[in-house]
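A.B. asks: Predicted model, plus sequence, below.
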Amino acid sequence: MPRFLTGTRTGLLASAVAAALAMTAAGPATAAPKPDVRFMAHLDIAEGQRPENITLEPGGSAVVTFAYSRQVARIHSDGRVHVLATLPQPPVGASTPALSSPFLGGIVRAHDGTLYFLYATGSSDLTGLWRLRPGGTPQRIAALPADGLPNGLALDRHEGRLYVADSVLGTVWRVPVTGGAPTRWATAPELAAAGFLGANGIKIHDGAVWVSNLDKGTVLRIPVTRYGTAGRVETRATGLVDIDDFAFTGRGNTLLAAINADNEVALVRPGGSHTVVLTGADGLENPTSLAVRGNTAYIASGAYFTNDDPNLLAARINTAR
């Protein structure tokens with residue numbers, strides 16, 4: 001969650017991605033057409049429908065967490081919203097670290113349709129990793145420290161492990177998909193907060209765990225060693241202050257980053273340079289998370305500070321050479 005809101009107005013996701021991905025030995029890429037950006041859904045702010053994190057389903061729908069209404073919901077391709085589960089209200093007096101209110105964070109989907117997501121309440125009975133099987137009810141499968149803020153979540157399908165970015169404790173936790181006691185997999189100064197929130201978004205990619213740090217504006221790469229332990233933290237991008245979630249485009253280590261406070265999505269190249277490719281002019285309202293499938297990026301906006309139009313955007317990525 002960012003600390004402030006500013007506004008800039010530029011755009012062109014498709015042309016920027018094309019420029020980054022379509023360079024050849026013959027010279028720079030030719031100009032690409034303007035992006036195909038459309039609203040997949042306008043959400044109901046009065047009902048607390050502020051999407052925090054997103055995972056995609058095979059049929060074209062998306063599943064999101066609504067951060068402060070404690071709900072997991074499916075957003076159909078036609079914009080309809082179907083609430084799948086509502087998490088329990090925390091006990092009286094509980095206060096979530098850094099945020100005060102109960103917070104529903106990262107979500108991922110396994111191949112069998114099982115959903116895993118994170119819930120933080122400041123109470124030891126509810127804070128942790130939760131599971132929702134198709135047609136079932138939510139169940140906590142791993143407790144996480146009540147004085148932390150489990151935020152980003154990534155699934156290593158091959159190894160059957162989940163990785164959790166804790167924004168308050170500056171820690172990456174690891175939990176088996178079957179549940180049980182979490183392992184403190186990585187801690188380092190690079191993961192720590194610098195006033196508000198540290199480790200935030202998290203992804204498994206190219207033999208490593210990648211993590212964004214909101215306060216420090218960085219994207220970090222933590223190699224997974226041959227023994228499954230965390231290698232040395234590498235800083236791969238800087239200058240992305242208030243970065244929330246991110247997603248790889250599918251072309252090497254190029255990624256898209258949600259810059260929450262500034263209403264921006266940035267294209268981050270493997271060398272660390274970045275270009276703003278979507279802004280509030282394209283419909284962003286404090287973007288919180290992204291997911292990429294094929295040539296389309298799906299961007300969820302929570303409107304935490306604009307308080308206007310939480311939404312889900314779909315933007316075409318042009319990767320033609």
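C.D. replies: The structure has been received and is ready for your questions.

A.B. asks: Strands along the stretch 1-150 of the chain, start to end?
C.D. replies: Secondary structure of the stretch 1-150 of the chain (DSSP state E, counting those that start in this stretch): strands located at 37-42, 51-56, 62-66, 71-75, 81-86, 103-109, 115-120, 128-132, 139-143, 150-156.

A.B. asks: Adding mean neighbour count and distance to residue 299, write these out as TSV.
C.D. replies: Every C-beta, even on glycine, is put in place using the N, C-alpha and C of the backbone. Converted to TSV, these look like this (neighbours: other CB atoms under 10 Å; distance: least, CB to CB, whole Å):
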stretch	mean neighbour count	distance to residue 299
strand 37-42	16	9
strand 51-56	24	8
strand 62-66	27	11
strand 71-75	20	12
strand 81-86	15	17
strand 103-109	24	15
strand 115-120	26	19
strand 128-132	22	23
strand 139-143	17	29
strand 150-156	24	16
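
A.B. asks: For this structure, which residue occupies the most central location?
C.D. replies: Nearest to the mean C-alpha position of the chain, by CA atoms, centre = their mean, lies residue 245 at 3.3 Å.

A.B. asks: Hmm, residue 289 and that one touching each other?
C.D. replies: Yes. Look at residue 245 against residue 289 with CB atoms under 8 Å: they come within range, at 3.8 Å.

A.B. asks: what touches both of those two?
C.D. replies: Each of 53, 201, 258 lies in contact with both residue 245 and residue 289 under the rule CB atoms under 8 Å, 6 or more residues apart in numbering.

A.B. asks: could you dump those residues to CSV with pLDDT?
C.D. replies: As requested, the shared contacts of residue 245 and residue 289 are exported to CSV (pLDDT from 0 to 100):
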residue, pLDDT
53, 98
201, 98
258, 98
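
A.B. asks: Using TSV, lay out the strands of the stretch 1-150 of the chain together with distance to residue 263.
C.D. replies: As requested, the strands of the stretch 1-150 of the chain are arranged in TSV below (distance: least, CB to CB, whole Å):
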stretch	distance to residue 263
strand 37-42	14
strand 51-56	15
strand 62-66	19
strand 71-75	20
strand 81-86	23
strand 103-109	21
strand 115-120	25
strand 128-132	30
strand 139-143	34
strand 150-156	20
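
A.B. asks: any chance you could map the strands in the stretch 151-300 of the chain?
C.D. replies: 161-166, 171-176, 183-187, 199-205, 208-213, 218-223, 234-237, 243-248, 255-259, 264-268, 274-278, 287-293, 296-301.

A.B. asks: between the fourth one and strand 218-223, how many degrees?
C.D. replies: Interaxial angle, strand 199-205 versus strand 218-223 (axes from the mean of the first three to the mean of the last three CA atoms, to 10 degrees): 40 degrees.

A.B. asks: pull the CA atoms of strand 199-205 into PDB?
C.D. replies: Presented in PDB, the C-alpha positions along strand 199-205 are these (Å, rounded to 0.1, in the frame of the first residue of the first chain):
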ATOM      1  CA  ALA A 199       8.900  -6.900   0.400                       C
ATOM      2  CA  ASN A 200       5.700  -6.800  -1.500                       C
ATOM      3  CA  GLY A 201       5.100  -8.600  -4.800                       C
ATOM      4  CA  ILE A 202       6.700 -12.000  -5.400                       C
ATOM      5  CA  LYS A 203       7.200 -14.300  -8.400                       C
ATOM      6  CA  ILE A 204       9.000 -17.600  -9.200                       C
ATOM      7  CA  HIS A 205      10.900 -17.100 -12.500                       C
END
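
A.B. asks: in that strand, what's buried?
C.D. replies: Burial within strand 199-205, assessed by neighbour count using 16 or more other CB atoms under 10 Å, is assigned to 199, 200, 201, 202, 203, 204.

A.B. asks: Tell me which residues touch the third one, please.
C.D. replies: What that stands for is residue 201. Contacts were defined as CB under 8 Å, 6+ apart; by that measure residue 201 touches 151, 152, 165, 211, 212, 243, 244, 245, 246, 258, 289.

A.B. asks: Of the residues you listed, just say which sits nearest to residue 231.
C.D. replies: Closest approach between the contacts of residue 201 and residue 231, by CB to CB: residue 211, at 12.9 Å.

A.B. asks: can you tell me how far that closest one sits from residue 175?
C.D. replies: Per CB to CB, to the nearest Å, residue 211 is found 16 Å from residue 175.

A.B. asks: ditto for residue 137
C.D. replies: In terms of CB to CB, residue 137 sits 20 Å off from residue 175.

A.B. asks: For these two, indicate the residue with more neighbours.
C.D. replies: Per other CB atoms under 10 Å, whichever of residue 137 and residue 175 has more neighbours is residue 175, with 23 against 9.

A.B. asks: ok, and the closest non-adjacent residue to residue 293?
C.D. replies: Nearest residue to residue 293, sequence neighbours excluded (CB to CB, 6 or more residues apart in numbering): residue 56, at 5.5 Å.

A.B. asks: tell me which residues form a beta bridge with residue 171?
C.D. replies: residue 166, residue 187 (DSSP bridges).

A.B. asks: residues in contact with it?
C.D. replies: Each residue near residue 171 by CB under 8 Å, 6+ apart is listed here: 148, 184, 185, 186, 187, 191, 199.
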